[in-house]
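**Q** no letters, just coordinates:
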């Protein structure tokens with residue numbers, strides 16, 4: 001075999017080996033890229049911190065007492081979490097009205113009976129509005145999350161014993177004696193009647209006389225709050 005033929009065979013063999021090396025290199029690069037991409041996708045999923053449902057333990061005309069579950073924050077310490085009311089700009093972008101009363105909200109982190117991390121929301125002043133729209137913000141080193149909550153507050157429900165304990169005896173006088181005698185002469189009420197006393201509200205009277213009124217009011221409040229969220233400039237009718 002001539003020298004020229006050996007040269008051609010050697011060049012073809014070298015070219016074939018180069019092609020194999022290039023293919024292996026491309027496959028290796030593809031595998032490394034896939035591993036890096038899967039790692040980047042997996043990291044946010046393992047730290048998808050979020051805000052769960054809210055539980056309200058207080059009633060209307062009482063200081064607010066509510067808790068929110070913190071989701072997927074097992075690997076974070078309490079000092080890595082910062083919870084607060086969202087900024088006015090965030091309220092505006094979300095189309096939620098930032099009532100002045102919301103400045104009184106106090107946030108803190110704690111654990112519930114199941115050792116799950118929760119957010120406590122309290123106020124010192126009583127809540128006089130039957131509903132509140134709150135935009136809560138939770139921050140941690142890798143990011144932050146915000147969620148809107150609509151709080152519906154009912155009037156406190158007292159038992160017969162509690163109602164009796166809350167009654168304060170008026171000072172004894174001739175006028176009070178006459179009023180007591182006049183009340184004793186009143187006819188007993190039927191099942192669909194209610195005698196208005198000091199401290200009664202329209203909500204309370206409606207819930208006693210028309211039990212369906214309470215459910216209607218709650219639905220109406222929830223409806224108007226959703227409308228205000230969709231149309232920030234809209235105002236409820238009535």
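**A** All right, it came through fine. Keep in mind that what you see is a predicted model, and the values were worked out from it rather than measured. Residues are numbered from 1 along each chain as shown.

**Q** helix or strand for the closest residue to residue 116 other than its chain neighbours, which one?
**A** Spatial nearest neighbour of residue 116, chain neighbours left out: residue 69 (6.6 Å); criterion: C-beta to C-beta, 6 or more residues apart in numbering. (Glycine included, C-beta is placed from N, CA and C.) Using DSSP states H and E, residue 69 falls within strand 63-71.

**Q** which residues are contacting the helix or strand just after that strand?
**A** The helix or strand immediately downstream of strand 63-71 is strand 82-85, counting by DSSP H and E. By C-beta atoms under 8 Å, 6 or more residues apart in numbering, the surrounding residues in contact with strand 82-85 are 102-103, 105, 107-109, 119, 134-140.

**Q** and residue 107, what does it touch?
**A** 83, 84, 85, 119, 120, 121, 136.

**Q** mind giving me the domain ranges of this structure?
**A** 10-46, 50-152 (automatic domain parsing).

**Q** from residue 80, how far out is residue 90?
**A** 21 Å (C-beta to C-beta, to the nearest Å).

**Q** equivalent analysis for residue 56, please.
**A** Distance from residue 56 to residue 80, by C-beta to C-beta: 27 Å.

**Q** likewise for residue 114?
**A** Separation of residue 114 from residue 80 (C-beta to C-beta): 21 Å.

**Q** of those two, who's got more company?
**A** residue 80 (13 against 6; other C-beta atoms under 10 Å).

**Q** with adjacent residues omitted, what lies nearest to the more buried one?
**A** residue 140 (5.4 Å).

**Q** repeat for residue 123
**A** Nearest non-adjacent residue to residue 123 (C-beta to C-beta, 6+ apart): residue 64, at 4.3 Å.

**Q** isn't that neighbour up against residue 120?
**A** No - Residue 64 lies out of contact with residue 120 (C-beta atoms under 8 Å); the separation is 10.2 Å.

**Q** and these two? Which one has more around it.
**A** Per other C-beta under 10 Å, whichever of residue 64 and residue 120 has more neighbours is residue 64, with 23 against 15.
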